[in-house]
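Peer 1: Here's a sequence, model it:
(2 chains)
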Amino acid sequence: MDKPKVGIYGLTGCAGDQLVILNCEDELLDLVGSLDIKSFSMAASGADDQCQLDIAFVEGTVVQPDEEKLLKDIRQRAKLLVAIGTCAVWGGVTAMKNEVDPKKFIEQVYGPAGKVFEVIPPQPLSSFVKVDLSLPGCPIEKEQLLRGVASLLHGDLPKLPNYAVCTECKMAEYPCILVEKGLPCLGPITVAGCGARCPSYGLTCNGCRGPVDDINVASEINILKEKGFTWVDIQNRLRTFAAPAPPLNLQTLEEAKNA
Amino acid sequence: MHKSIVINRVPRVEGHGGITVNMKDGKVSQVNMDIYEGPRFFESLVVGKTYDQVTPILMRICAICSAVHTVTSLMAVENALGIKVSHQTRLLRDLLIQGGNIESHALHVFCLALPDFLNYPSVVDMARDHAQEVCTGLEIKKLGNTIQEVIGGRAVHPVNAVIGGFGKLPAPEELLRLKEQLTKGLEQSWAAVELIAQLEIPDFCISPNIYAALLPNGSGFSLLGEEIILSTGEKRNIRQYQQICQEKVVPHSHAKQSWCNDKPFMVGALARVALNGDKLVGEAKKARDKLGLNSPSKNILENNVAQALELIYSMERSLEIIDELLDTGIKPEPSAPVKIRAGSGVGAAEAPRGTLYHSYSFDEEGRLTKADVITPTAQNLANIEKDLRQAVENLMDEPTESLKRKLEMVVRAYDPCISCSVHLLELKR
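Peer 2: Below you'll find the model as predicted:
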């Protein structure tokens, strides 16, 4: 069997998910040995950006018209498109103030002397193209990535957890940050896969992996209100990493608050 | 004769940047380092957030430097709110950023720059002939990540370093394991130094630089300090960082450029070694002599050599910190208490690529009213353009493809972190 042709792309973002790939030090040489990597600009010169691809991994968000074009071009050339990281899956931290007109930011940043940029509010890749597989996380988890690649090499999609960080935390028997410490933990509404990393350090889950499928956001809001957090702070926390996700949009949250 | 040279995307750097050189009448008329990474408006995103939400958001400016962004951000919050942290916390934070320095330098020296010096398009191609060196590089890089995992809870975007201290303190066994790995890592780093000492560093970009770095707090070399020093003899407290980094908007870049008194300056490993190299001791001092970095370099390509030297320094410093922690024993102390008040504060640290500043103001409810972050790459952009101009002028007769490759080398020597540089906002409310 020919090695699958793979492209690894970074749109606007911190490059953390590509760095997780480079951080697979023990597996890196095997990994690049079992794939035919056609493009990985962060790591190699001489990218082939015309060829057909079996798998494209895309990190980051579209914030400029050129990136929308690039993403659509990648989609056309790739049999499978994998969104890696919370930016690609849900928009990430930079999408948290999408309700504010980006023109206002541009003027604040660069002033009238600055060049006029065309900026699109950061959105999940799925707003522009079909996404075949989403690996969330800020950054992605190494093990989930490697398992994902292994499944794809066998012509299959990996099975990802569809339960909450809270479940992983309970299984590991960490003390409950939300109930026992009274801190604003988002474990109950955040999708698992990190092994409840932050609660394992006695810290709140900040929701960096984005929402779980069967999210009960009304119940999370109620608990946070009971703990004395203001509505503004509750919204800020809920909308840090995945504000464009439908269950976290401002109107849905208002309805959940009043439910 | 070249008309103009355009490199759309410099590969093997973090983020999206290009080079444009325009020529007129056989002379270089304009050199631009084009930054077209999308703007992300980070400083506006945190306005209105409570003091404890700021660091987890702003560390996401950059993945490779997320540990030092985290520590710098925490120091800025603590300075604004008047929070004093313990000596143990300061040691652990120092260790965390040494881990980041090791990881970042190993990645850059072995995977991104060494292929340049040995003439390969990528580290994968280099691995075919130099498997041993590549494996060593990856092992050193992994050790940097392991330190960040043990102390910070994650290699990218650490979770465990928080305001006032740490979520969970490392166990002595974990520190002992790190010590063992660092002892081996120090030997391996010497292999890197030996390899790099043999390289002939090209001399097509010789040009004097103004260097800037933090003055170490103590007597030794350090990545932490309260004062900024320049090779011009100027000195400022970190609270006056804006007098050193005078920012300009330039039309070809989404990142603002920093100038000091209308002159470009350089921050990073080469600047630190030039300004504070006399404070190196032990193995790092031996490496400095071996690598010929005893006097300030005028060749930016030697920044990679200075990074190799800092691998030795960071390993030694990490061992020193671990020994101190093991000697005194890890105290199970809680994080320093927070009293919310209005205030402003600056944090600064030497990131792998140079001095990093975070500056915040909070209102009486502890909500952020203003944030300013100046990254090393933003400070270096003007100096990169200066060096690119020098290189083009020296290489006028070079065939275009070879010239392009050399210009890319100049950019890569700075190890630019372009995501980092594009975040910029000075928000006034």
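Peer 1: who does the helix or strand where B:Ile321 lies touch, helix- and strand-wise?
Peer 2: Under the criterion of DSSP states H and E, B:Ile321 resides in helix B:303-328. If you count contacts as 3 or more Cβ pairs under 8 Å, 6 or more residues apart in numbering or on different chains; DSSP states H and E, helix B:303-328 packs onto helix B:87-106, helix B:131-152, helix B:172-198, helix B:269-276, helix B:282-290. Every C-beta, even on glycine, is put in place using the N, C-alpha and C of the backbone.
Peer 1: The fourth one: how far from the chain's middle?
Peer 2: In this case it means helix B:269-276. Distance of helix B:269-276 from its chain centroid, counting by Cα atoms, centre = their mean, to the nearest Å, is 12 Å.
Peer 1: same check, this time on the last one
Peer 2: Distance, stretch centre to chain centre, for helix B:282-290: 21 Å (Cα atoms, centre = their mean).
Peer 1: now the strands for chain A?
Peer 2: Here chain A has its strands, by DSSP state E, at A:5-10, A:36-40, A:53-59, A:78-84, A:133-135.
Peer 1: could you redo those strands as JSON lines and give each row mean pLDDT and mean neighbour count?
Peer 2: Shown next, in JSON lines, are these (pLDDT from 0 to 100; neighbours: other Cβ atoms under 10 Å in any protein chain shown):
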{"stretch": "strand A:5-10", "mean pLDDT": "94", "mean neighbour count": "24"}
{"stretch": "strand A:36-40", "mean pLDDT": "89", "mean neighbour count": "20"}
{"stretch": "strand A:53-59", "mean pLDDT": "96", "mean neighbour count": "25"}
{"stretch": "strand A:78-84", "mean pLDDT": "97", "mean neighbour count": "23"}
{"stretch": "strand A:133-135", "mean pLDDT": "97", "mean neighbour count": "21"}
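Peer 1: ok, now which ones touch the residue nearest the centre of chain A?
Peer 2: With distances taken as Cα atoms, centre = their mean, A:Thr86 lies nearest the centre of chain A, 0.7 Å away. Applying Cβ atoms under 8 Å, 6 or more residues apart in numbering or on different chains to A:Thr86 gives the contacts A:Gly92, A:Pro136, A:Gly137, A:Cys138, A:Cys208, A:Arg209, A:Gly210, A:Phe241, A:Ala242.
Peer 1: Likewise for A:Glu27?
Peer 2: So A:Glu27 contacts A:Leu146 (Cβ under 8 Å, 6+ apart).
Peer 1: pLDDT wise, what is it at?
Peer 2: Note on A:Glu27: pLDDT of 85.
Peer 1: which strands and helices sit next to the strand or helix carrying B:Met409?
Peer 2: In this assignment (DSSP H and E), B:Met409 forms part of helix B:400-413. Under the contact criterion of 3+ Cβ pairs under 8 Å, 6+ apart, helix B:400-413 touches strand B:4-7, strand B:17-24, helix B:114-117, helix B:376-394.
Peer 1: and the residue of the stretch 51-200 of chain A at minimum distance from chain B, what does it touch?
Peer 2: Here the stretch 51-200 of chain A gets closest to chain B at one residue, A:Val63, 3.8 Å apart by Cβ to the nearest Cβ. A:Val63 sits next to A:Leu11, A:Thr12, A:Thr94, A:Val119, A:Ile120, A:Pro121, A:Pro122, B:Gly38, B:Pro39, B:Arg40 when contact means Cβ under 8 Å, 6+ apart.
Peer 1: Number of residues surrounding the third one?
Peer 2: To tie it back to what came earlier, the one meant is A:Thr94. Using other Cβ atoms under 10 Å in any protein chain shown, A:Thr94 is surrounded by 26 other residues.
Peer 1: got it, and the fifth one?
Peer 2: Other residues near A:Ile120 come to 18 when the count uses other Cβ under 10 Å.
Peer 1: My read is that it contacts A:Pro65, right?
Peer 2: Yes - applying Cβ atoms under 8 Å, one finds A:Ile120 in contact with A:Pro65, separated by 7.0 Å.
Peer 1: quick revisit: lowest-confidence one in the contacts of A:Val63?
Peer 2: B:Gly38 (63).
Peer 1: what's the distance between the residue in the stretch 151-259 of chain A positioned nearest to chain B and B:Asp52?
Peer 2: Relative to chain B, the nearest point of the stretch 151-259 of chain A is A:Tyr201 (3.5 Å; Cβ to the nearest Cβ). Separation of A:Tyr201 from B:Asp52 (Cβ to Cβ, to the nearest Å) stands at 15 Å.
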